[in-house]
Every structure is written in C-alpha cells, then in structure tokens.
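In: Structure, please.
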Amino acid sequence: MTKRRQKILLGIGIFFLLLFSGPRLDSDLGNDWIVGDERPLIIAHRGGADIFPENTMVAFEGAAMIGVDMLEIDFQLTSDNRLITMHDDTVDRTTNGTGAVINMTLEEILNLDASAKFTNSTGGNPWNGSHLAPVTIEDILDRFIESPHRLSLEIKNEGDAGKVAAEIMFLEIEERGMEKRIEVGSFHIESIQAFREISGGTIATSGVKSEIRKCIMIPMFQLDRWWLDPGSVSILQIPTEGGGFDLATEGVVNRAHQHGQAVQYWTINDRGMMDHLIDIGADGIMTDDPILLRQAISDAGYNLPESWS
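Out: As a prediction, the model looks like this:
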C-alpha cells in the first residue's frame, strides 16, 4: 500500500469517526448562568482576598456589603468529616497554626485565627488579634440563604476525601433548597464526578482542566458538531490564557454560549483586563478586589448590585 493510499484511508477513517461519534450534548444548567446582554457577575474570590482575610465570614459579609453578585468559597475536609473554609491543604499560610486540614478536627480548626497573617494593599491588618476563625459550610449556607447572592463552592480535596466532601456538600445544599443558586467546582476529576453523580445533575458544575480543554479546543477548531460532550460541564471557569492560547476572546465566550455553557474568568485584579472581559461578554469575573471591578462595570455603563447585610 502506497503512503498516499494510507493517508487517504486514514483521512476517511477520521471523517467517519467524527461523523458517527454523536452530537454534542448541550448543558441545560449552564443557561441559568449565562448573562446574555447583561453585565458580568461580580464574583468575590475567597470573599475579596485583597480587602479581607480570605475565606472568613468577615470577608463574605464584607463583600456582600460592598455589593457583589457571587461569593467564591473554598472548602477542605477535616479529620472528623466537616467542611471548613480553607484554600490550602494546610492552615500554615493563612492562620496562626500549622498542619494539614485533613489531620485536624473541626474544634482545632475553629480555634485558629484566619486573620493572623493578613495584610491589605497598604500593608496593614485591621483585624489583627480579632480571631477570625474559618467557617463551616453549614454556617455559610445559613448566613446567605436569604440573601440575593449566588455561591461558587470549590471542593479542594481529592481521592476518597474529595468524594466524602462532595457528598457532604450536596446534602447541605439540598437540605436548604439552594440548588439553583450554587455552582460547584473542583480541580480534581474524581471529586467533581462524585458530586455530579450524587446530585443527579441538579446543580451546575464547572469543568476540570481536561474537560475545559475539550470544551474550548474542539469548538475552536470547529469540530464541535460531531463532538460528544465530555461531561456535565455547565460553566467554564478559566484563566485568560492557557496552553499558549488567548482565552479572553469573544470567540471563546460565544462558542461556549452556543453550547449552553457560561464563561467565568479568574482571578482578575487588573483594571485593563476587567474592561476587556466586560467588552467580550464574559458571564462572570472573579476578583480579589470587588471594589475595583465595581468601578470598571460602572464605568462601562451598567447598574451595580446593591449592598446587602
């Protein structure tokens, strides 16, 4: 067989593989998070980590008083199977304690001061010595159950701990009937898949890196009409660039919208990039500085979310 004939047969094989691989399944839940012609959602990353001690109730309540649409919150599992607000695997960076969260009890975590190492943009710490403890998922949901805010919850654990965290998170959300106001994400495929299975597709989820790569790259090369959906990805939470590609483009946003997926960018603390993302129609902008983002959105001529307390 000649090389030319081999190439022709290979091309035919790829064509039929794409043709019969099935249509791409659109995400119904994602449509609830697409803002359309409205402004992007103002998402306070960890409650606004440039302004407040991250992942504390002071941060979440402070962001709500500033006026945001959504709070982004990280959760880690304790040794006694409680979900607590913490970004890192250890408590070292943000508290006056040391050790892995998974090896500590809830009581031990609540005795820590999550404001101990905070400094704001001027180098100060208005909460020095005030003992701001991390927060349980129960307290977070109860505090904001009557608020107008959406919540973006992230499962930080992986493996078996991630699966346990996924089950606990879903049960707490379901108990309060907050399914439509919450999106859930994780960097770990087994954790987010466990959450999707437990929730039965009732809560919007963002994709992990491998899923996001498919969601962006395959439509980018116009192969999405033959592409079978890789999972229940309702929301693409992405940086502005990745893998050598500019992801902060109108094309990326529009292609995601065509398939019922919202696009939220993280973590944006630069005013110029905020302006750009507003212009291209991003559905959400995650920031450590919600005051700066509010100014950018106001300058673009949009109304702002009201303060809430």
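In: next helix or strand past the strand or helix carrying residue 141?
Out: Assigned by DSSP states H and E, residue 141 falls within helix 137-144. Sequence-wise, the next helix or strand downstream of helix 137-144 (DSSP H and E) is strand 150-155.
In: Just give the number of residues close to the closest residue to residue 209 other than its chain neighbours.
Out: Counting by C-beta to C-beta, 6 or more residues apart in numbering, residue 209 lies nearest to residue 187, which is 7.1 Å off, once chain neighbours are set aside. C-beta coordinates here come from the backbone N, C-alpha and C atoms, glycine included. Around residue 187 there are 14 other residues, counting by other C-beta atoms under 10 Å.
In: ok, residue 187 to residue 115 distance?
Out: Computed as C-beta to C-beta, to the nearest Å, the residue 187 to residue 115 distance reads 26 Å.
In: before we move on, what about residue 47?
Out: 12 Å.
In: so what sits against both of the two?
Out: Contact criterion C-beta atoms under 8 Å, 6 or more residues apart in numbering; residues shared by residue 47 and residue 115: 56, 58.
In: The two: who's more crowded?
Out: residue 47 (27 against 24).
In: re the thing from before, these two touch, right, the residue nearest to residue 209 and residue 208?
Out: Yes - Residue 187 is within contact range of residue 208, at 6.1 Å (criterion: C-beta atoms under 8 Å).
In: so how far is stretch 83-97 from its chain's centroid?
Out: Chain-centre distance of stretch 83-97: 19 Å, with C-alpha atoms, centre = their mean, to the nearest Å.
In: what sits up against that stretch?
Out: By C-beta under 8 Å, 6+ apart, stretch 83-97 touches 46, 53-56, 73-78, 98-102, 104, 106, 108-109, 111-114, 116-118, 134-137, 140, 156, 165, 168-169, 172.
In: Rounded mean pLDDT for that stretch, please.
Out: Averaging pLDDT along stretch 83-97 gives 98.
In: First-to-last residue distance for it?
Out: End-to-end distance for stretch 83-97, by C-alpha to C-alpha, to the nearest Å: 18 Å.
In: related to what we said a few turns ago, okay, the residue nearest to residue 209 and residue 162: tell me how far apart.
Out: Look at residue 187 and residue 162: by C-beta to C-beta, they are 10 Å apart.
In: Could you do residue 279 as well?
Out: 37 Å.
In: Looking at those two now, which is surrounded by more residues?
Out: residue 162 (23 against 11).
In: now that one, nearest residue through space, not along the chain?
Out: In space, and not counting its chain neighbours, residue 162 is closest to residue 191: 3.2 Å by C-beta to C-beta, 6+ apart.
In: Report how many residues lie close to the one you found.
Out: Residue 191 has 27 neighbouring residues, counting by other C-beta under 10 Å.
In: relative to strand 150-155, how tilted is the helix or strand containing it?
Out: For residue 191, the element it lies in under DSSP H and E is helix 189-199. Counting by axes from the mean of the first three to the mean of the last three C-alpha atoms, to 10 degrees, helix 189-199 lies at 130 degrees to strand 150-155.
In: Show the low-confidence segments of the stretch 151-300 of the chain, by residue range.
Out: 218-231 (pLDDT under 70).
In: on that earlier part again, how much distance is there from the helix holding residue 141 to the middle of the chain?
Out: So, by C-alpha atoms, centre = their mean, the centroid of helix 137-144 is 18 Å from its chain's centroid.
In: what are the C-alpha coordinates of that helix, in PDB please?
Out: In PDB, the C-alpha atoms belonging to helix 137-144 read as follows (Å, rounded to 0.1, in the frame of the first residue of the first chain):
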ATOM      1  CA  ILE A 137     -20.300  25.100  55.200                       C
ATOM      2  CA  GLU A 138     -23.500  25.000  57.400                       C
ATOM      3  CA  ASP A 139     -22.800  28.500  58.700                       C
ATOM      4  CA  ILE A 140     -22.100  29.800  55.200                       C
ATOM      5  CA  LEU A 141     -25.300  28.500  53.700                       C
ATOM      6  CA  ASP A 142     -27.400  29.500  56.700                       C
ATOM      7  CA  ARG A 143     -25.900  33.100  56.600                       C
ATOM      8  CA  PHE A 144     -26.700  33.600  52.900                       C
END
